[in-house]
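S.K.: The following comprises the amino acid sequence and a computationally predicted model.
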Amino acid sequence: MLSRVADSLYWMSRYMERADGILRMLKINYASSQDDINEFSWKSVLRIFTYLEEEQANAIAHHSRAVLQYMVTDKENPNSVVNIVTHARENARSVQDHITKEVWQCLNDFYHTVRTDQLIQWLDKDDPVTVLDVLIKQGMLYYGTADITMARGEGYNFLNIGKFLERGVQSADILDVKFRDLDYDLSKADTIYWKYMLLSISGYELYLKTYRSGFEAKNVVEQIVLNVDFPRSVLYSINQLHRYFERFKSEKNEEGYQKINFLIGKLKSKVKYSTVDSILKEGLHTYLSGIKESLYEVANALNQNYFAYT
Amino acid sequence: MQTSELINTYYVDANTWDEMYTNSSVRDQYKSVVEFMQQLSIDELNKKEELARRLFMSQGITFTVYSSGEGIEKIFPFDIIPRIITASEWDYIERGIKQRLKALNLFLKDVYNEQFIIKDGIVPIEMIYSCPHYLREMYRFPVPHDIYVHISGIDLIRNSDGSFYILEDNLRTPSGVSYMLENREITKRLFPDLLPKNTVRTVTEYPNILHKNLVALSPRQISHPTIVLLTPGIYNSAYFEHTTLARLMGVELVEGRDLVVDNHRVYMKTTSGLQQVDVIYRRVDDEFLDPLVFNPGSMLGVAGIMSAYRKGNVAIANAVGNGVADDKAIYTYVPSMIRYYLNEEPILKNVPTYHLGKQEEREYVFSNMNRMVIKKTNESGGYGMLMGHTASEQEIDAYKNEIIKDPRQYIAQPIISLSSSPCYMQGKLQPRRVDLRPYALCGPDGIQIVPGGLTRVALREGSLVVNSSQGGGSKDTWVLAG
């Protein structure tokens, strides 16, 4: 496979996962803003997911609709959903002969949906949850289409490597946003928020089945970081990343393979042999930042060893 | 309005050949389409038009126009009513194009080798050396199987008496074939069962024939040569076509930056190292192909590719340097070429053409500007063109001044009216001017033309310019079996 093609597939997949992560994060925070007797602030969301200056962020931090518009439809915001989906589509456009026609059409439809002028009006006037749900559904359609139609070859592996690498980062971010608000003090309970968070990432039922004692921050951390059966957990993402990367073992690129396999293996062991207590001892923020850094290191190594084409 | 009235309100312009309508009746080949439409309501027709638009949009059959820093997706406008060509018309067109291509290919071989046609005084030598597309880099280079033109798109138009004329020969990187394929797919969705009922010949074989011909060019005698399609990239307006063809042929779509030349061999950079490339179907113009030989500023090409080509380590289709044969000034000599190389009379006629480089012809053209269309010999896509009958005095004078500066670069042709074809617009049938571009493929086994082509439509009322860059659209083109 051409290095450029591998690169584009990987980024297409990362962008799609990022769009999904951002949409879900917006959904949690919007829901929780409607259920808060204190004035809800979007400040930590804006700090983690945008490049806004302190002043600009403060200006809209208490206006949900303004934040939603900025994060979804604003073309000036490089990390807005519309821009991310556009990037995903541009990548897809340059590798149309390596993805199925169905995947391309699905992404293309998503692109046209997110660009309609009506979306801005809906976000302004209608129920924002409906709008977010429509967009999340488009993303789900993409996942299903890719899963069902794509041949299980090198391209599919790069799609999954991109997807799970990005998901690891997103899951770490979703946790980090809220704990930053709480100054990483887990005793400051915010059960409503945990509930919305689990609902939005489809982890609510699993939580109820696993834990009987109501919503506790420690349990939430455990599920989102360490649960191997939860498809959005950090550990699950890393396991999948490893699984798809190992398929390159027989390829000619021996040196690159060894290097990256080592990086992923090291990270996998670190997370696998963590417990909630050891994480808290290390400090949640430090721990999550460490994971993100390790994932970025894998990404850089992929860049050097598999995608270098210029 | 009722659909039954569509025909009654269809008015053909005077002195124009209409593809559907003649002497106040519908031509035989259009009867079943007209009948089918009359069974529908205007509402249903409008819905079909909308369905066509949605299908194009959702499949990404679009080109991007960049304005104020933002890309806008545009559809190449499509008219739902097919253009129909009868079996006998097609037979004539097919024979004419095959003859012409045979002669043009011999001409290219000749001008890049022995140059008999110049020595025998058929084509003046200054016509060759003044042509910017004549590339000395190709002199005495034996191209595989002596084929220069692997893919061509020759434009035909119809005069008011219905006879076909060759408008221009596109022998470099003709585009539009993906629209021939996609328009047919859309018609299948819009008009179920109508294609088989009318015995419309299929066009789907095009990519398979092209692929077979490309494989035959491979310099290495191996069972699976590596074929690539070289595109300028996603910002090219024909990018959709490049991906479609790559996908339909199952070949790798590459950009210049994916390729590298080492020891006169071309390789592509893959995730598991370098892989040798045998055949390149390039959609990059000669000028940008190799920065070491042609335009040194080109980012689209591959440094050293010409040396690999000349060493015979990689095949390139179309051959480099074909521009000398589809130059608008050389065009006038094609009928003489056919007589010279084949000893046959040309089947398809040329449009009379005046060289503005010749003084007496220039004077004649200058005194008849309002009946002429003036074109630059090295431009395509309808750029740099002057339509004498609609231009203002000032435009004509300004254009004349441009011509005087370098008259060799211009030709003039009398304005040909172009045949009209019914288009469904704003709930009515309206006549619009059309041309026809069939795609011919030439391989070691000979020339094959898939029965069909691209019918381009001038969507503006009264306009004679069909180029997509000038507000043209397209139609599905049916060739009937019998």
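M.R.: That came in fine, so what should we check first? Numbers count the residues shown, from 1 in each chain, chains lettered A, B, ... in the order given.

S.K.: Disregarding flanking residues, what is the spatial nearest neighbour of B:T231?
M.R.: Leaving aside its chain neighbours, B:T231 sits nearest to B:H242 (4.0 Å; criterion: C-beta to C-beta, 6 or more residues apart in numbering or on different chains). Where C-beta positions appear, they are placed from N, C-alpha and C, glycine not excepted.

S.K.: neighbours of the one you found, just the number please.
M.R.: Using other C-beta atoms under 10 Å in any protein chain shown, B:H242 is surrounded by 25 other residues.

S.K.: For it, list the residues it contacts.
M.R.: Listed by C-beta atoms under 8 Å, 6 or more residues apart in numbering or on different chains, the contact partners of B:H242 are B:229, B:231, B:236, B:253, B:283.

S.K.: any chance of those residues in JSON lines, with secondary structure and distance to B:I84 too?
M.R.: Shown next, in JSON lines, are the contacts of B:H242 (DSSP: H, G, I helix; E, B strand; the rest coil; distance: C-beta to C-beta, whole Å):
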{"residue": "B:L229", "secondary structure": "strand", "distance to B:I84": "32"}
{"residue": "B:T231", "secondary structure": "coil", "distance to B:I84": "33"}
{"residue": "B:N236", "secondary structure": "coil", "distance to B:I84": "32"}
{"residue": "B:L253", "secondary structure": "strand", "distance to B:I84": "34"}
{"residue": "B:R283", "secondary structure": "coil", "distance to B:I84": "30"}
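
S.K.: sorry, back to before: confirm the residue nearest to B:T231 sits in a helix?
M.R.: Yes - when DSSP: H, G, I helix; E, B strand; the rest coil is applied, B:H242 is found to be in a helix.

S.K.: What separation do you get for it and B:R339?
M.R.: Counting by C-beta to C-beta, to the nearest Å, the gap between B:H242 and B:R339 amounts to 38 Å.

S.K.: again, but for B:T377
M.R.: B:T377 sits at a distance of 22 Å from B:R339 (criterion: C-beta to C-beta).

S.K.: More neighbours: the two, which one.
M.R.: Between B:T377 and B:R339, B:T377 has the larger neighbour count (other C-beta under 10 Å), namely 22 against 14.

S.K.: my guess is the more buried one meets B:V324, correct?
M.R.: No - using C-beta atoms under 8 Å, B:T377 makes no contact with B:V324, being 11.0 Å away.

S.K.: intersection of neighbour lists for these two?
M.R.: Contacts common to B:T377 and B:V324, judged by C-beta under 8 Å, 6+ apart, are B:C131.

S.K.: re the thing from before, of the contacts of B:H242, closest to chain A?
M.R.: Of all these, chain A sits closest to B:L253, with 4.9 Å by C-beta to the nearest C-beta.

S.K.: tally of neighbours for that closest one?
M.R.: Neighbours of B:L253 under the rule other C-beta under 10 Å: 27.

S.K.: how about residue 40, what does it touch?
M.R.: Picked chain A for this. Neighbouring residues of A:F40 by C-beta under 8 Å, 6+ apart: A:29, A:32-33, A:62, A:64.

S.K.: hm, I was asking about chain B
M.R.: Counting by C-beta under 8 Å, 6+ apart, B:L40 makes contact with B:3, B:48.

S.K.: if we can go back for a sec, per-residue pLDDT of the residue nearest to B:T231, please?
M.R.: With respect to pLDDT, B:H242 scores 94.

S.K.: now the one 10 residues further on
M.R.: At B:E252 the predicted local distance difference test score is 93.

S.K.: where's it relative to chain A, distance?
M.R.: B:E252 sits 6 Å away from chain A, going by C-beta to the nearest C-beta, to the nearest Å.

S.K.: so where does the nearest residue to that residue once chain neighbours are set aside fall, helix or strand?
M.R.: Among residues not flanking B:E252 along the chain, B:V228 sits closest, at 4.7 Å (C-beta to C-beta, 6+ apart). Element membership of B:V228, judged by DSSP states H and E, is strand B:227-230.

S.K.: other SSEs contacting that strand?
M.R.: With contacts defined as 3 or more C-beta pairs under 8 Å, 6 or more residues apart in numbering or on different chains; DSSP states H and E, strand B:227-230 has these neighbours: helix B:206-216, helix B:239-249, strand B:252-254, strand B:279-282.

S.K.: mind running it again at 6 Å?
M.R.: Contact here means 3 or more C-beta pairs under 6 Å, 6 or more residues apart in numbering or on different chains; DSSP states H and E; on that basis strand B:227-230 packs against strand B:252-254, strand B:279-282.

S.K.: Distance to B:V177 added to these, as a markdown table?
M.R.: Output for the helices and strands packed on strand B:227-230, formatted as a markdown table (distance: least, C-beta to C-beta, whole Å):
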| stretch | distance to B:V177 |
| --- | --- |
| strand B:252-254 | 15 |
| strand B:279-282 | 12 |
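
S.K.: Most tightly packed of these?
M.R.: Per residue and on average, the most neighbours among these fall to strand B:279-282, with a mean of 26 (mean count of other C-beta atoms under 10 Å in any protein chain shown).

S.K.: B:P431: what secondary structure?
M.R.: Relying on three-state DSSP, one would call B:P431 strand.

S.K.: For it, give its distance to B:A458.
M.R.: B:P431 sits at a distance of 11 Å from B:A458 (criterion: C-beta to C-beta).

S.K.: got it, and B:V254?
M.R.: Applying C-beta to C-beta to B:V254 and B:A458 gives a distance of 35 Å.

S.K.: Name the residues of the helix or strand of chain A at the bottom of the mean pLDDT ranking that come out as buried.
M.R.: Least confident helix or strand of chain A, by mean pLDDT, DSSP states H and E, is helix A:191-200 with a mean of 80. Under the neighbour-count criterion of 16 or more other C-beta atoms under 10 Å in any protein chain shown, helix A:191-200 has A:193-200 buried.
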